[in-house]
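Q: Build me a model from this:
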Amino acid sequence: MSLKLYYASGACSFVPHTALELAGATYEPLPIKLHRGEQRTPEYLAVNPRGQVPVLVDDGEVITQIVAIAQHLDAKFPQAGLLPASGMARTRALQTLAWMNNTVHPTFTHVFMPHKFTADEAAQQAVKAHAVETYRGLLGEIETLAEKASPWLGGDKPGVLDAYALTLLRWGGFAGIDPQTLPKTWALAQRFAALPAVARVIERERLELNVYKP
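A: Alright, predicted model coming up:
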């Protein structure tokens, strides 16, 4: 078995990165430095023509997109409990994962990279300002989920939902949102970050959990 993960520090690839560690998998972590444009090199585009992270390569099979990678790793390492095993609990977890990926995540993209949506500089500022307020509300929805965590978002085992919640909360700091104003999510993120498997990823990616600057 050969597993490789292409990831970028602080990006959404944190989700499968922690999943692999939580599963105790043997894999090769391959960092891609987005600020240097390594995602646009011919070598990387040969792996993923979309020039995005994460990419999981499992015995030569290239898998992209967070939701697909999460389900693949959950099936490959069922003992890890990265997602609930079955029934309505699994359905609800997949529902939340998809929402994080297709709604919360793209909203932050409007904050962080408004130039992707308009070339007009004044319009970019308007896009960013509107997205910040929308993002604040979405983090509020995650706060409600964190309040109901028992003890983790997916149930009794830490998994991909917790990793994504930590990532999205951390990004909020870049949007000027103090994570401590979301105490349930902040407490969940701190508990998750303290797990040895997750701490290894945080050290490898050299992440600061709270990037908010007043």
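Q: the helices in this protein, which residues?
A: Residue ranges of the helices in the chain, as given by DSSP state H, are 14-22, 42-47, 66-76, 87-99, 105-112, 121-147, 160-174, 183-194, 196-205.
Q: Out of the ones you listed, which one sits most buried?
A: helix 14-22 (a mean of 26; mean count of other C-beta atoms under 10 Å). C-beta: built from backbone N, CA, C; applies to glycine.
Q: Please list the outside residues in contact with it.
A: Helix 14-22 is contacted by residues 3, 5, 7, 27, 29, 54, 56, 66, 69-70, 73-74, 80, 82, 158-160, 163-164, 166-167, 195, 197-198, 200-201, 204-205, 207 when judged by C-beta atoms under 8 Å, 6 or more residues apart in numbering.
Q: okay, the helices of the chain in CSV with distance to Tyr212 and mean pLDDT next?
A: Shown next, in CSV, are the helices of the chain (distance: least, C-beta to C-beta, whole Å; pLDDT from 0 to 100):
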stretch, distance to Tyr212, mean pLDDT
helix 14-22, 18, 98
helix 42-47, 31, 97
helix 66-76, 24, 98
helix 87-99, 24, 97
helix 105-112, 14, 96
helix 121-147, 12, 96
helix 160-174, 4, 98
helix 183-194, 10, 98
helix 196-205, 17, 98
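Q: For Pro214, find the nearest of these.
A: Nearest to Pro214 among the helices of the chain is helix 160-174; the distance by C-beta to C-beta comes to 10.5 Å.
Q: Using PDB, write out every CA atom in the closest one.
A: Coordinates of each C-alpha in helix 160-174 appear next as PDB, following Å, rounded to 0.1, in the frame of the first residue of the first chain:
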ATOM      1  CA  VAL A 160     -13.000  15.100   9.800                       C
ATOM      2  CA  LEU A 161     -15.800  17.400  11.000                       C
ATOM      3  CA  ASP A 162     -13.600  18.500  13.900                       C
ATOM      4  CA  ALA A 163     -10.700  19.100  11.600                       C
ATOM      5  CA  TYR A 164     -12.700  21.200   9.200                       C
ATOM      6  CA  ALA A 165     -14.300  23.200  12.100                       C
ATOM      7  CA  LEU A 166     -10.800  24.000  13.400                       C
ATOM      8  CA  THR A 167      -9.700  25.100  10.000                       C
ATOM      9  CA  LEU A 168     -12.700  27.300   9.300                       C
ATOM     10  CA  LEU A 169     -12.500  28.800  12.800                       C
ATOM     11  CA  ARG A 170      -8.800  29.500  12.300                       C
ATOM     12  CA  TRP A 171      -9.500  31.200   9.000                       C
ATOM     13  CA  GLY A 172     -11.900  33.400  10.800                       C
ATOM     14  CA  GLY A 173      -9.000  35.100  12.500                       C
ATOM     15  CA  PHE A 174      -7.700  36.300   9.000                       C
END
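Q: In a markdown table: the helices of the chain, plus distance to Leu34.
A: Formatted as a markdown table, the helices of the chain follow (distance: least, C-beta to C-beta, whole Å):
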| stretch | distance to Leu34 |
| --- | --- |
| helix 14-22 | 13 |
| helix 42-47 | 11 |
| helix 66-76 | 16 |
| helix 87-99 | 23 |
| helix 105-112 | 11 |
| helix 121-147 | 19 |
| helix 160-174 | 14 |
| helix 183-194 | 22 |
| helix 196-205 | 12 |
